[in-house]
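K.L.:
Sequence unavailable; structure follows:
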């Protein structure tokens, strides 16, 4: 078998191992730049199934705090519970892994303008 | 950010070492004559490149968990390392290491066995590039993956042959050197259209429209095309001028030939590094960066993942 034929045959055999897609954020709730009551959850929607690998929430002037999220399979819509938030500007940062195995970072900002209900803790 | 810079640096260096090892394997497997004064040096350099590539790939693999967490502490996170282990990144590393082992075997075994091992290693190694990344996501990946394989094979042969050509022109007798250069040029003439066509197909399928050329992925792609055009100029100089002059034993021509080969090497190495950054941080989709939300402040440049990539590229540019 010639070298060219050998390379072609090998390439064809390897095609079976290829797959995967690529995730990008399509929507978020609360939306980037929005302001309102303290949200109880953050909901991120992606174009393809993705898995969160890290997430932090930072209130202006404070250190970022790591958010815990339940280990889950990849999903296009990911909901993460938030701690009770005090009024202020927040930056949510995350990293997700998409179907193509790329690590994709992202951030969004929102503002809490109302205090949580009495008896709630602060962020 | 530091983790991302470290990761892309390892990725760029691994590209250089991987393509050097693959290119030397192809050069030795496809050459038509023995090169008594150069062969052993190429075996050693190819082996060293393969070892360095393996170390860089392993480093990049362990750093993947750190990229997932956003900090170096992720390297020691068993859950994240487990996630990497079960991902396509793990399969990619396995195929690359297997390819490198076969390449080293091909460098040291003679005859058909060595040639077969070397070429198999190169195919396995380059195929690993199709397991992850932008070409692996598309609906027409059945087309993109083999096209990418052709593209990478051409680059590996070209880039990896430059160092052997440099050594051959300085160590072998003029007749032998001229003959090897002529052999390479004849192959390069067939490679250029394949490289161009494969690149054109990849760009056409991956880029959503022409305006995507004004975004980071498209701009870096145009930079690669510009680099390719300059490379063609260098290649033409060697094919038509300095290469033939080698046969006459013209020492000045030999020196010029090596200078041009050195320039080609640097140019291609730069293109490989740009590709490493481009394919790590940017998406050909352009309009929608990796994680930019559809929201009121989406035009704020600080609020998108694409800016993260731009900052890294800026930092790398300043470092260079």
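P.N.:
In hand now; what should we look at? Because the structure is a prediction, the values reported are computed rather than measured.
K.L.:
got a list of what residue B:267 touches?
P.N.:
Taking CB atoms under 8 Å, 6 or more residues apart in numbering or on different chains, we find residue B:267 in contact with B:227, B:230-231, B:234. All C-beta atoms are positioned from the backbone trio N, CA, C, and that covers glycine.
K.L.:
Try it again at 10 Å.
P.N.:
B:159, B:162, B:227-228, B:230-231, B:234 (CB atoms under 10 Å, 6 or more residues apart in numbering or on different chains).
K.L.:
how about the residues you listed in JSON lines, adding pLDDT?
P.N.:
Conversion of the contacts of residue B:267 to JSON lines gives the following (pLDDT from 0 to 100):
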{"residue": "B:159", "pLDDT": "94"}
{"residue": "B:162", "pLDDT": "94"}
{"residue": "B:227", "pLDDT": "87"}
{"residue": "B:228", "pLDDT": "87"}
{"residue": "B:230", "pLDDT": "90"}
{"residue": "B:231", "pLDDT": "87"}
{"residue": "B:234", "pLDDT": "88"}
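K.L.:
Go ahead and build a ChimeraX selection from the buried members of those residues.
P.N.:
Of these, the buried ones can be selected in ChimeraX as follows, counting by 16 or more other CB atoms under 10 Å in any protein chain shown:
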select /B:159,162,228,231,234
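K.L.:
is it possible to export the contacts of residue B:267 to CSV including secondary structure and distance to residue B:55?
P.N.:
Converted to CSV, the contacts of residue B:267 look like this (DSSP: H, G, I helix; E, B strand; the rest coil; distance: CB to CB, whole Å):
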residue, secondary structure, distance to residue B:55
B:159, helix, 20
B:162, helix, 23
B:227, helix, 27
B:228, helix, 30
B:230, helix, 31
B:231, helix, 29
B:234, helix, 31
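K.L.:
Now render the contacts of residue B:267 as TSV, adding distance to residue A:94.
P.N.:
Formatted as TSV, those follow (distance: CB to CB, whole Å):
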residue	distance to residue A:94
B:159	37
B:162	43
B:227	35
B:228	37
B:230	40
B:231	40
B:234	45
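K.L.:
Please list all residues in contact with residue B:172.
P.N.:
B:33, B:35-38, B:178-180, B:246.
K.L.:
backbone phi and psi for it, please?
P.N.:
In this entry, residue B:172 is assigned phi and psi values of phi -90, psi 160 (degrees, to the nearest 10).
K.L.:
what's the answer for residue B:250, then?
P.N.:
phi -70, psi 110.
K.L.:
hmm, back to that, what two of the contacts of residue B:172 are the furthest from one another?
P.N.:
Farthest pair in the contacts of residue B:172 (CB to CB) is B:36 and B:246. Separation: 17.6 Å.
K.L.:
what's the burial count for residue 112?
P.N.:
Reading this off chain A. 22 (other CB atoms under 10 Å in any protein chain shown).
K.L.:
wrong chain, I was asking about chain B
P.N.:
8.
K.L.:
Looking at residue B:36 and residue B:246, which has the bigger crowd around it?
P.N.:
Remark: of residue B:36 and residue B:246, residue B:246 carries more neighbours, 26 against 11, as counted by other CB under 10 Å.
K.L.:
I'd like the distance between the nearest residue to that one once chain neighbours are set aside and residue B:7.
P.N.:
Nearest residue to residue B:246 in three dimensions, chain neighbours excluded: residue B:178, at 4.3 Å (CB to CB, 6 or more residues apart in numbering or on different chains). According to CB to CB, to the nearest Å, residue B:178 and residue B:7 sit 43 Å apart.
K.L.:
between those two, which one's more packed in?
P.N.:
residue B:178 (23 against 20).
K.L.:
Chain A next: which of the contacts of residue B:267 are close?
P.N.:
Restricting the contacts of residue B:267 to those touching chain A (CB under 10 Å from any CB of the partner chain) yields no residues.
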